[in-house]
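Trainee: For reference, the sequence and a predicted model appear below.
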Amino acid sequence: MIHTYLGKTIRFEIKYKNRTSIGITIDSYGNLEVQAPKGIPDERVLRLLEDKWELIQQKLKEMQDRLEGPQKRLYEQGESFLYLGNNYPVQILENNQIEQDYVVFEGETLQIYVKKMEDESLKQALKRFYYQQCKALIEKSITSYQSYFKTKPRSIRITDSKTTWGTCDSRQQLTFNWRLAMAPREVVDYVVVHEMCHMVHLNHDRSFWRLVGKIMPDYKEKENWLAVSNWKMTV
């Protein structure tokens, strides 16, 4: 079906089932599906869609952006970057007296101090900031969850990986992706718990997932956040 409202048109599939309420889902490819009770008038379905129109449009745009993949970042005033799960605008301040470019988070703004207004300088300053923040977040999280484990990590490293959020080797050496500083704290906690559980079970067997679930019962929600948000965790 097709419906136009407030100048926007959406396509959706409607399925009638033995249920008492109307449900709306959008899959990872941006396909909109409405599940409705059998015999319900189309007008009620369309009215619910219109009630949730703004949210639907937002979700559809997020899915489209995700399918298009990471976009070229703009290093200019007001451009926003993820930090702890939220987008914050950057404020760029040039100061040729500083020893090294750096970033501070202040007043809901990522303030970037650089010697020269160059894209690469701004990018590297942001990466250093995320590395530092990630290390602090990981260390705090490990301390918080250490009581669940008999052994401690032998070492902790922050790395620039294109394929993993974290790893644990047979010597209990843990590594974590610096981009985790862009995720909500509870998602960082999940990755930490995941890798610490590998200190007990190196494989992803049933025992491993039972341990993860025992420590963090809602871990699948954290996995899902990473799955749908990783494309925008870039600088």
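Mentor: Ah, there it is.
Trainee: just checking, Q172 touches K152?
Mentor: Yes. In this structure Q172 lies within contact range of K152 using C-beta atoms under 8 Å: 7.5 Å. All C-beta atoms are positioned from the backbone trio N, CA, C, and that covers glycine.
Trainee: quick check, S21 in a helix?
Mentor: No. S21: not assigned to a helix; according to DSSP: H, G, I helix; E, B strand; the rest coil it is coil.
Trainee: Could you tell me which residues make contact with A181?
Mentor: Applying C-beta atoms under 8 Å, 6 or more residues apart in numbering to A181 gives the contacts Y83, L84, F129, Y130, Y131, Q133, C134, L137, V188.
Trainee: Tell me how far the helix or strand of the chain with the lowest mean pLDDT lies from the chain's centre.
Mentor: Least confident helix or strand, the chain: helix 53-68 with a mean of 77, by mean pLDDT, DSSP states H and E. Mean C-alpha position of helix 53-68 versus that of the full chain (C-alpha atoms, centre = their mean, to the nearest Å) differs by 15 Å.
Trainee: Which secondary structure elements does it sit against?
Mentor: Using 3 or more C-beta pairs under 8 Å, 6 or more residues apart in numbering; DSSP states H and E, the elements in contact with helix 53-68 are strand 8-17, strand 23-26.
Trainee: Only the buried residues of the shortest one, if you could.
Mentor: Under the neighbour-count criterion of 16 or more other C-beta atoms under 10 Å, strand 23-26 has I24, I26 buried.
Trainee: For the remainder of this discussion, apply numbering that starts at 37.
Mentor: Let's use 37 as the start, then, which means that last one is strand 59-62.
Trainee: Check which residues of the helix or strand that that strand is followed by are buried.
Mentor: Moving toward the C-terminus from strand 59-62, the next helix or strand (DSSP states H and E) is strand 68-73. Buried residues in strand 68-73, counted by 16+ other C-beta under 10 Å: L68, V70, Q71, A72.
Trainee: what about M218, how many residues close to it?
Mentor: Residues near M218, counting by other C-beta atoms under 10 Å, number 25.
Trainee: For it, give its distance to V140.
Mentor: Applying C-beta to C-beta, to the nearest Å, the value for M218 to V140 is 16 Å.
Trainee: dump the residue contacts of K171.
Mentor: Residues near K171 by C-beta under 8 Å, 6+ apart: I192, I194.
Trainee: Which secondary structure element is home to it?
Mentor: Per DSSP H and E: K171 is located in helix 155-181.
Trainee: now the angle from the helix or strand that that helix is followed by to helix 155-181?
Mentor: On the C-terminal side of helix 155-181, the closest following helix or strand by DSSP H and E is strand 191-195. Orientation check (axes from the mean of the first three to the mean of the last three C-alpha atoms, to 10 degrees): strand 191-195 against helix 155-181 gives 150 degrees.
Trainee: tell me what strand 191-195 is packed against?
Mentor: In terms of contacts (3+ C-beta pairs under 8 Å, 6+ apart), strand 191-195 is packed against helix 155-181, strand 209-213.
Trainee: still on that earlier bit, reformat the helices and strands packed on helix 89-104 as TSV; add distance to S183 and mean pLDDT.
Mentor: Output for the helices and strands packed on helix 89-104, formatted as TSV (distance: least, C-beta to C-beta, whole Å; pLDDT from 0 to 100):
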stretch	distance to S183	mean pLDDT
strand 44-53	46	87
strand 59-62	39	87
